[in-house]
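**Student:** Mind looking at a prediction? Sequence and model below.
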Amino acid sequence: MPDKDLTTLTIRRPDDWHLHLRDGNMLRAVLPETARHFGRAIIMPNLVPPVVTAEQASAYRDRIMAALPDGMQFEPLMTLYLTETTDPDDVRAAFENGIATAVKLYPAGATTNSASGVRDFEKVRSVLDTMAEIGMPLCVHGEVTDSNIDIFDREAVFIDKILKPLRKKVPDLKVVMEHVTTEDAVDYVRDNHKNLAATITTHHLIINRNHILAGGIKPHYYCLPVAKREAHRVALVQAAVSGDKRFFLGTDSAPHIDPNKLQTCGCAGIFTAPNTMSCLAEVFEAAGELKKLEAFASLNGPRFYGLPASEQTITLRKGDPLKYPTHIATEDGPVTVFDPGFDLHWHVEA
Ligand code: NCD
Ligand code: ZN
C-alpha cells in the first residue's frame with residue numbers, strides 16, 4: 001500500500017539512543033514523556049557534576065527508576081562521562097556488570113555541561129583500548145571546540161581532525177557519531193562500514209538554520225550541534241528513511257526551563273520527547289517511506305548495540321491534528337515542547 005493510503009502503522013516499541021533526563025524536579029517531569037512511547041533510552045551523563053564512575057551511574061539509574069510513575073515500564077541504559085582521569089578498570093566493571101552500556105565523549109567545552117570533557121585524546125587511550133576489547137560503544141559528541149573554527153563547520157572538522165585519527169588508532173572501537181547534522185557526517189558513516197553508526201535527532205530532520213535565525217531569533221530551535229543549511233537537512237532525511245542499519249534515532253531531547261533558554265546567553269537544547277514519534281511519522285510519510293520508521297526508531301539501534309529489539313509494539317494512527325501542550329510544567333518552571341511548524345496527524349497508541 002502506498003504511504004498516502006496508510007492510516008495505521010504498528011511498529012516495535014521504539015528506543016531513544018540519546019536522551020537527556022536531568023535530575024530532581026526536571027527528571028520527574030520529563031521521564032514520563034519518554035517512557036510513554038519508548039522502551040529504553042541511552043541516558044546522557046552530563047549532569048552537574050557529571051556521571052563519571054560506575055557507582056555514580058548506578059546511583060543515577062536508581063534515581064531514574066524511583067522517578068518512574070507506577071505502571072510505566074522503561075529501561076534506562078546508562079553512560080559514563082569520559083574524562084582524562086577515567087579509570088579503565090572502572091569502565092570495564094561497569095560494562096561487565098550491566099551498569100553502563102556506553103561511554104560518552106564530550107570534547108571539553110563543546111556543549112552544555114561539558115567542561116570536564118576530553119582535551120588530550122592520548123590521555124584516554126587506555127580507556128578506549130579497553131572498550132574496544134570488551135565491545136563497549138563510545139558515543140561521540142562530534143564537534144571541535146576551537147574558537148577559530150566556524151560553528152557551522154565544527155562537525156566536519158571534527159571528523160577530519162579527531163574522528164578519523166582516533167578510529168585509525170583504535171579500529172576495533174564501536175563508535176556512535178551522535179546527533180549528526182551534516183552531509184559530511186552522513187557520507188563518512190556510509191563509507192566506513194566497520195564499527196561505526198550515527199544517531200539523528202527528530203529536530204534535525206525538520207529544521208534548518210533559517211528556522212533559528214530568519215525572521216527573528218528563535219531560542220527554542222537552538223541546540224548543539226546547531227542546525228545547518230537545508231541541503232544538510234535533506235541529507236539527514238535521506239539517511240534516516242533509507243533503512244540503512246547504521247542510522248538510528250537519538251532524539252537528543254534536552255529540556256531546559258524557559259528562563260534558561262530565553263536570556264542573553266541562552267542554553268542549547270530542544271525538548272522533543274512528548275511529540276517525537278508523531279513528528280517522525282510526518283517526516284517519513286512525506287518522504288514516502290513510512291514503513292522504514294520501524295528500522296530507524298526500533299530496529300537499527302538495538303542491532304548496533306547488540307541488544308534484542310523490543311517484543312512490544314506501538315501503533316500510530318492518522319487522524320485530526322494532534323493536540324499537545326506547548327509547555328510541560330516542572331517544579332522549577334515550564335519547559336517548551338518542540339514546535340515542528342506543521343500539524344501532526346499521527347497519534348501514538350502505546
Ligand atoms: C544538550 C544539553 O542540553 O544537555 N544540548 C543540546 O543542545 N543538545 C547537550 C548536548 O547533547 O550537546
Ligand atoms: Zn545531547
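**Tutor:** Alright, I've got the coordinates. Ligands and ions are numbered 1, 2, ... in the order given.

**Student:** Count the residues that sit near Phe95.
**Tutor:** By the criterion of other CB atoms under 10 Å, Phe95 has 21 neighbours. In this view, the C-beta of every residue, glycine as well, is placed from N, C-alpha and C.

**Student:** From Ala94, how far out is the closest residue to it other than its chain neighbours?
**Tutor:** Excluding the flanking residues, the one nearest Phe95 by CB to CB, 6 or more residues apart in numbering is Met136, at 4.5 Å. To Ala94, Met136 is 9 Å away according to CB to CB, to the nearest Å.

**Student:** overlap in contacts of those two?
**Tutor:** Ala100 (CB atoms under 8 Å, 6 or more residues apart in numbering).

**Student:** which residues in the stretch 101-250 of the chain form helices?
**Tutor:** Per DSSP state H, counting those that start in this stretch, the stretch 101-250 of the chain carries helices over the ranges 125-134, 154-158, 164-169, 183-191, 209-213, 230-241.

**Student:** Just say which of those is most tucked in.
**Tutor:** With neighbours taken as mean count of other CB atoms under 10 Å, the helices of the stretch 101-250 of the chain reach their highest mean count in helix 154-158, at a mean of 23.

**Student:** neighbours around Val348, how many?
**Tutor:** Residues near Val348, counting by other CB under 10 Å: 17.

**Student:** How about the secondary structure of the nearest residue to it once chain neighbours are set aside?
**Tutor:** Nearest residue to Val348 in three dimensions, chain neighbours excluded: Met277, at 4.9 Å (CB to CB, 6+ apart). Look at Met277: counting by DSSP: H, G, I helix; E, B strand; the rest coil, its state is helix.

**Student:** State the pLDDT value of Met277.
**Tutor:** Turning to Met277, the model gives it a pLDDT of 98.

**Student:** for it, what are its contacts?
**Tutor:** 14, 37, 297, 314, 316, 346, 348.

**Student:** if we go to 10 Å?
**Tutor:** Met277 sits next to 11, 14, 36-38, 202, 249, 251, 293, 297, 314, 316, 344, 346-348, 350 when contact means CB atoms under 10 Å, 6 or more residues apart in numbering.

**Student:** Sort out for me which of the residues you listed are in strands.
**Tutor:** Residues of these located in strands (DSSP state E): 11, 249, 314, 316, 346-348.

**Student:** Looking at the residues you listed, which is nearest ligand 1?
**Tutor:** Leu249 (14.6 Å; CB to the nearest ligand atom).

**Student:** and that closest one, bridged to which residues?
**Tutor:** Taking DSSP bridges as the rule, Leu249 bridges to Ile200.

**Student:** picking up where we left off before, how many residues are close by the residue nearest to Phe95?
**Tutor:** 23.

**Student:** State the distance from it to ligand 1.
**Tutor:** According to CB to the nearest ligand atom, to the nearest Å, Met136 stands 20 Å off from ligand 1.

**Student:** I'd like to know which residues of this protein are adjacent to ligand 1.
**Tutor:** For the chain, the contact set with ligand 1 under CB under 6 Å from any ligand atom comprises 20, 46, 111-112, 141, 223-224, 252, 254, 268-269.

**Student:** Just the buried ones among these, please.
**Tutor:** 20, 46, 111-112, 141, 223-224, 252, 254, 269 (16 or more other CB atoms under 10 Å).

**Student:** Tell me the one among the residues you listed nearest to Gly71.
**Tutor:** When those are compared for distance to Gly71 (CB to CB), His20 wins out at 23.8 Å.

**Student:** quick one on the thing from earlier: which ones among the buried ones among the residues of the chain next to ligand 1 map onto strands?
**Tutor:** Among those, no member falls in strands (DSSP E).

**Student:** What about His193, how many residues nearby?
**Tutor:** For His193, using other CB under 10 Å, the count is 9.

**Student:** Grab the nearest non-local neighbour of it.
**Tutor:** Nearest one to His193, counting by CB to CB, 6+ apart, is Arg246 at 7.8 Å.

**Student:** Next one: that neighbour from ligand 1, what distance?
**Tutor:** 20 Å.

**Student:** and if you look at Glu155?
**Tutor:** In terms of CB to the nearest ligand atom, Glu155 sits 12 Å off from ligand 1.

**Student:** is it true that that residue touches Lys161?
**Tutor:** No. Using CB atoms under 10 Å, Glu155 is not in contact with Lys161, being 11.1 Å away.

**Student:** which residues do those two both contact?
**Tutor:** In contact with both Glu155 and Lys161: Val144, using CB under 10 Å, 6+ apart.

**Student:** about what we covered before: per-residue pLDDT of the residue nearest to Phe95, please?
**Tutor:** pLDDT, read off for Met136, is 98.

**Student:** That one touches Ile99, doesn't it?
**Tutor:** No. With contact defined as CB under 10 Å, Met136 and Ile99 do not form a contacting pair (11.4 Å).

**Student:** Need the residues touching each of those two.
**Tutor:** Leu80.

**Student:** and the buried ones among the residues of the chain next to ligand 1 as JSON lines, adding distance to Pro308?
**Tutor:** Listed next are these as JSON lines, based on distance: CB to CB, whole Å:
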{"residue": "His20", "distance to Pro308": "25"}
{"residue": "Asn46", "distance to Pro308": "28"}
{"residue": "Thr111", "distance to Pro308": "31"}
{"residue": "Thr112", "distance to Pro308": "32"}
{"residue": "His141", "distance to Pro308": "27"}
{"residue": "Cys223", "distance to Pro308": "31"}
{"residue": "Leu224", "distance to Pro308": "32"}
{"residue": "Asp252", "distance to Pro308": "24"}
{"residue": "Ala254", "distance to Pro308": "28"}
{"residue": "Gly269", "distance to Pro308": "31"}
